[in-house]
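Novice: Dropping a prediction and its sequence here:
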Amino acid sequence: MKLIIQIPCFNEELTLPATLADLPQKIAGIDVIEVMVVDDGSTDNTVRVAQDLGVKHIVKLGSNRGLATAFRRGSEYALSQGVDILVNTDADNQYCGEDIVKLVEPILKHEADMVIGCRPILEHSEFSPIKKAMQLLGSWALRRISKTAARDAASGFRAFSRETLQRIFIHSVFSYCMETLIQAGNTGVRVTSVDIRVNPKTPDHWTWGPKRLHFVFSFTPPF
């Protein structure tokens, strides 16, 4: 069983080392764990940092194409490398890497085809009240549209089975989070959620300000 951890990057030279260090080295039921960085046209030393830290797969887009394009290109590459499970995480070290174990477990047990890591939105001290409300409202709306029970529709911390990657096609250029959820829910893909943790923010760490709110309401419906 081969797991590839995909990390889309755009100018993440400062946070990428912490993100990579946080990833699990072994997972029960997984034979091979490999890391892939998808460089979305970074103008800093992101690629050099990834190379120096031993990242096996580096996919270079050449210019800034947007998160959805980075996800699609990374997924296509992962399929060409014989991936069985793809986990997508952010390069800003927002998500707790150890919780990748939680993401892949439902797929390993054949209980789900796509797993979404749900952040503790209401308890999160670094989310403003307005942002919490926006996230909850957006997730409620996407549950209705996608016909799934996803509790954190904007979360980019996700696991996909190989079969799911083969069935999903990304049309938009900015956010893949909503589009993949809608397609999954409307094509019979089994979607489940697991509770995950987030890492505390530090001065040189991740900044997930406006981009998360854009994820809630910006998507291109696949119909």
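Specialist: Ah, there it is. Residues are numbered from 1 along each chain as shown.

Novice: All the helices of the protein, residue numbers only.
Specialist: For the chain, helices defined by DSSP state H occupy the ranges 16-21, 46-52, 67-80, 100-108, 129-146, 162-167, 177-186, 209-217.

Novice: Among those helices, show the one with the smallest mean pLDDT.
Specialist: With a mean of 37, helix 209-217 has the lowest mean pLDDT of these.

Novice: Does residue 119 touch residue 196 like I think?
Specialist: Yes. Using CB atoms under 8 Å, residue 119 is in contact with residue 196, at 6.5 Å. In short, each C-beta sits where N, CA and C put it, glycine included.

Novice: Name the residues contacting each of the two.
Specialist: The contact sets of residue 119 and residue 196 overlap at 95, 155, 157 (CB atoms under 8 Å, 6 or more residues apart in numbering).

Novice: Next, the contact list for the second one, please.
Specialist: Just to be clear, that refers to residue 155. By CB under 8 Å, 6+ apart, the residues touching residue 155 are 116, 117, 118, 119, 177, 196.

Novice: for the residues you listed, which one is nearest residue 35?
Specialist: Checking the contacts of residue 155 against residue 35 with CB to CB, the nearest one is residue 117 at 17.5 Å.

Novice: so what pLDDT did the closest one get?
Specialist: Looking at residue 117, its pLDDT is 93.

Novice: Relative to residue 201, how far out is the residue lying farthest from the centre of the chain?
Specialist: Distance from the C-alpha centroid of the chain peaks at residue 129, with 23.9 Å (CA atoms, centre = their mean). The gap separating residue 129 from residue 201 is 17 Å, by CB to CB, to the nearest Å.

Novice: Same question for residue 51.
Specialist: 27 Å.

Novice: swap in residue 80?
Specialist: 36 Å.

Novice: higher neighbour count, the two?
Specialist: When residue 80 and residue 201 are compared for neighbours, residue 201 comes out ahead with 15 against 8, by other CB atoms under 10 Å.

Novice: Relative to residue 157, how far out is that one?
Specialist: Distance, residue 201 to residue 157, using CB to CB: 16 Å.

Novice: try residue 63
Specialist: Residue 63 is 26 Å from residue 157, by CB to CB.

Novice: who has more neighbours, those two?
Specialist: residue 157 (25 against 8).

Novice: one step back: now, among the shared contacts of residue 119 and residue 196, which is nearest to residue 185?
Specialist: Nearest member of the shared contacts of residue 119 and residue 196 to residue 185, counting by CB to CB, is residue 155, at 15.2 Å.

Novice: Report the contact partners of residue 189.
Specialist: Residue 189 sits next to 113, 114, 164, 167, 168, 183 when contact means CB under 8 Å, 6+ apart.

Novice: The closest residue to residue 166 other than its chain neighbours: how many residues sit nearby?
Specialist: Closest residue to residue 166 apart from its sequence neighbours, by CB to CB, 6 or more residues apart in numbering: residue 79 at 6.8 Å. Close neighbours of residue 79, defined as other CB under 10 Å, add up to 14.

Novice: again with residue 29
Specialist: Residue 29: 13 surrounding residues under other CB under 10 Å.

Novice: For it, give me its contacts.
Specialist: Contact analysis of residue 29 by CB under 8 Å, 6+ apart lists 1, 104, 108.

Novice: Which of those has the largest number of neighbours?
Specialist: Neighbour counts for these, by other CB under 10 Å, peak at residue 104, which reaches 27 neighbours.

Novice: For that residue, list the residues it contacts.
Specialist: Under the criterion of CB under 8 Å, 6+ apart, the contact list for residue 104 reads 3, 27, 29, 30, 85, 87, 115, 159.
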